[in-house]
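K.L.:
Mind looking at a prediction? Sequence and model below.
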2 protein chains.
Amino acid sequence: MTPNYVALPPDITAAEALRNVKRTGRGKETLNVLYLVDRDGKLIEDLRLGSLVLAEDDEKLIDIDDPPLVAIPATASGDDVVAMFEKYDRVALPVVDSDGKMLGIITADDVLEFAERKATREIQKLGGSEALDAAYFDVGFWPMVKKRGGWLAALFLGEMLTATAMGYFEHEIERAAVLSLFIPLIISSGGNSGSQATSLIIRALALREVRVADWWWVAARELPAGISLGAILGAIGVLRITAWQSLGFYDYGPSWPLVALTVGAALVGVVTFGSLAGSMLPFILRRLGFDPASASAPFVATLVDVTGLIIYFGVALLILHGTLL
Amino acid sequence: MTPNYVALPPDITAAEALRNVKRTGRGKETLNVLYLVDRDGKLIEDLRLGSLVLAEDDEKLIDIDDPPLVAIPATASGDDVVAMFEKYDRVALPVVDSDGKMLGIITADDVLEFAERKATREIQKLGGSEALDAAYFDVGFWPMVKKRGGWLAALFLGEMLTATAMGYFEHEIERAAVLSLFIPLIISSGGNSGSQATSLIIRALALREVRVADWWWVAARELPAGISLGAILGAIGVLRITAWQSLGFYDYGPSWPLVALTVGAALVGVVTFGSLAGSMLPFILRRLGFDPASASAPFVATLVDVTGLIIYFGVALLILHGTLL
């Protein structure tokens, strides 16, 4: 925001205003928009210089044909400002306090820079590192390793829970090593569906397409979406195992139909959980006072990996109890 | 781009130009910038209306104090246009053909919308779904499932290679089930480091911070970065196994020091491969004529999962041969 704008009294004529601009306009941030401000500093209207030039000489400023005033409240966030510029197509917008007093202006080029920087931070965080806040080659080697290593180590510590979870199932794996073949496939499908859902919701929240209060509607949508997506992947998984077994590419043992069923059912569960957890995580983070964009793809994947293992082996115990397990 | 701008002959005076704007300016896309165009349609200069208003009445337009001309070549991409607006802080820029003939103007508010839409697409694709191209709640249920299911299914088919790779190691898993405990931990660490590297490079390419020709410098940076990050995670992994074994939380068997060494060494290899593959993938995609932003986090994770398994079991065969394997 800059206070370096041209303010005019609202009751003068177009000709007087142009003389005023000629006298006071040099060195201002922009002359594209002029601001009609009363004696108390209250913003009455904004007026494009173009509209002023087109007006009759003796027309009062307040009567000149010009789009209505849009002002940014001083309390608006950066995202709100971007959304207002996108909505109203202005080259500059004034900022006012709660009494309508004019504080300054924000120009479209600053907003473009802000929006781009913000998207860059979102993308870098979504990828699972701290925002670099500088061009790739401008960040030194060790600062770069630090920004990435911190998150990688945190995710690694979280992911260690998978080793703990797997520990509980080591006995099952020893009895049915065939189950271990599908571990990467199943947990990564959960991670992928979670990463999709998270990135959609993070961006929708940033663009103000979805509000925090909408979390319930998002959940009501992601649950059936997750079940549908899981059913698609589950069907492919069952087909794959059946095909490989029938064509003799691989022998999953005599209980292969039950193994296929286990993989298919686990995929439905894992993908549903992934979609739901991935879509809810940004809301939970915001509720806890964090930036929703901290819900990176790797963060969601880590979360879903642990749960995915538990779902997979839980389903396996249910279906394979008495045969393989 | 719009052809709806005010063109003026370069050799008239400021007073004549203002009268000209008054006569022809109504209904134009913008009056903030006027364009000095010669008889052949060639763009000579752009002139801010503010600079014109500040000028002396008898000053020739071409002599008026105003920032130098910046024009967008007709061949520029959307990203180029965003980069030019960010660099030059203008409210509108003219577009010219290769002969310098004026074709139209692009205004800053259009660029903001373009940049935001583009960032949204990048974020959605990075998360591993097709770009929605509409607000979250405006996309119907089945179109949404289709946009997400297509990529999920493609990733699933790729991820099936992990089941194939695991198949080759089923014998090793049967002999040493303890190895399977660390599979999710190791492959997800590779996926996470790859997802970090990919998102950094995709954004750096989009912002023109990194050029395609820089791929070599990126590789020369990501290789040592990957080794450093892998060494950090490897050290944590070895510590974790040693601690759990010493404290009696879990029994990794009599060969546990070799198991710890295997996990640590595999992590160095997997994270290095992940960083390198993740950073190179956007370059390879662009080289093949695809959008670098197609290199989503889940895509990289899938790629790295398969390789990660091979690295892990390769290292295990090297280190554990003669003891566990």
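P.N.:
Arrived safely, thanks for sending. Numbers count the residues shown, from 1 in each chain, chains lettered A, B, ... in the order given.

K.L.:
In the stretch 101-250 of chain A, what residue spans correspond to helices?
P.N.:
A:108-126, A:141-168, A:170-175, A:183-206, A:215-247 (DSSP state H, counting those that start in this stretch).

K.L.:
So which of those is the most surrounded?
P.N.:
Greatest average neighbour count among the helices of the stretch 101-250 of chain A goes to helix A:183-206 (a mean of 30), per mean count of other C-beta atoms under 10 Å in any protein chain shown. Bear in mind the C-beta positions are built from the backbone N, C-alpha and C, glycine included.

K.L.:
Now do it, average pLDDT.
P.N.:
Averaged across helix A:183-206, the pLDDT comes to 91.

K.L.:
starting at the chain centroid, how far to that helix?
P.N.:
How far helix A:183-206 lies from its chain's middle: 12 Å, per C-alpha atoms, centre = their mean, to the nearest Å.

K.L.:
before we move on, the earlier item: mean pLDDT lowest for which of the helices of the stretch 101-250 of chain A?
P.N.:
Here the lowest mean pLDDT among those goes to helix A:170-175, at a mean of 84.

K.L.:
Chain B is nearest to which of the helices of the stretch 101-250 of chain A?
P.N.:
Evaluated over those, closeness to chain B peaks at helix A:183-206, with 2.4 Å, by C-beta to the nearest C-beta.

K.L.:
could you check the angle helix B:183-206 makes with that closest one?
P.N.:
40 degrees (axes from the mean of the first three to the mean of the last three C-alpha atoms, to 10 degrees).

K.L.:
Between helix A:108-126 and helix A:183-206, find me the angle.
P.N.:
160 degrees.

K.L.:
Just the CA trace of helix A:183-206, in PDB.
P.N.:
The C-alpha trace of helix A:183-206 is given here as PDB (Å, rounded to 0.1, in the frame of the first residue of the first chain):
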ATOM      1  CA  ILE A 183       1.900 -52.900   0.200                       C
ATOM      2  CA  PRO A 184       3.500 -50.200  -1.900                       C
ATOM      3  CA  LEU A 185       0.600 -50.300  -4.400                       C
ATOM      4  CA  ILE A 186      -2.000 -49.900  -1.700                       C
ATOM      5  CA  ILE A 187      -0.500 -47.300   0.400                       C
ATOM      6  CA  SER A 188       0.600 -45.200  -2.500                       C
ATOM      7  CA  SER A 189      -2.900 -45.200  -3.900                       C
ATOM      8  CA  GLY A 190      -4.100 -43.800  -0.600                       C
ATOM      9  CA  GLY A 191      -1.400 -41.200  -0.700                       C
ATOM     10  CA  ASN A 192      -2.200 -40.200  -4.300                       C
ATOM     11  CA  SER A 193      -5.900 -39.800  -3.700                       C
ATOM     12  CA  GLY A 194      -5.100 -37.800  -0.600                       C
ATOM     13  CA  SER A 195      -2.700 -35.600  -2.400                       C
ATOM     14  CA  GLN A 196      -5.300 -34.900  -5.100                       C
ATOM     15  CA  ALA A 197      -7.900 -34.000  -2.600                       C
ATOM     16  CA  THR A 198      -5.600 -31.800  -0.500                       C
ATOM     17  CA  SER A 199      -4.300 -29.800  -3.400                       C
ATOM     18  CA  LEU A 200      -7.800 -29.100  -4.700                       C
ATOM     19  CA  ILE A 201      -9.000 -27.900  -1.300                       C
ATOM     20  CA  ILE A 202      -5.900 -25.800  -0.500                       C
ATOM     21  CA  ARG A 203      -6.300 -23.900  -3.800                       C
ATOM     22  CA  ALA A 204     -10.100 -23.600  -3.400                       C
ATOM     23  CA  LEU A 205      -9.600 -22.100   0.000                       C
ATOM     24  CA  ALA A 206      -6.900 -19.700  -1.200                       C
END
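
K.L.:
So is it next to chain B?
P.N.:
Yes - counting by C-beta under 8 Å from any C-beta of the partner chain, contacts between helix A:183-206 and chain B involve A:183-185, A:187-189, A:191-193, A:195-204.

K.L.:
name the helices or strands packed onto that helix?
P.N.:
Judged by 3 or more C-beta pairs under 8 Å, 6 or more residues apart in numbering or on different chains; DSSP states H and E, helix A:183-206 is in contact with helix A:108-126, helix A:215-247, helix A:256-287, helix A:297-320, helix B:108-126, helix B:141-168, helix B:183-206, helix B:297-320.

K.L.:
near chain A, anything from the fifth one?
P.N.:
Yes - if you take C-beta under 8 Å from any C-beta as the test, helix B:108-126 does meet chain A, through B:108-109, B:111-113, B:115-116, B:119-120, B:122-124, B:126.
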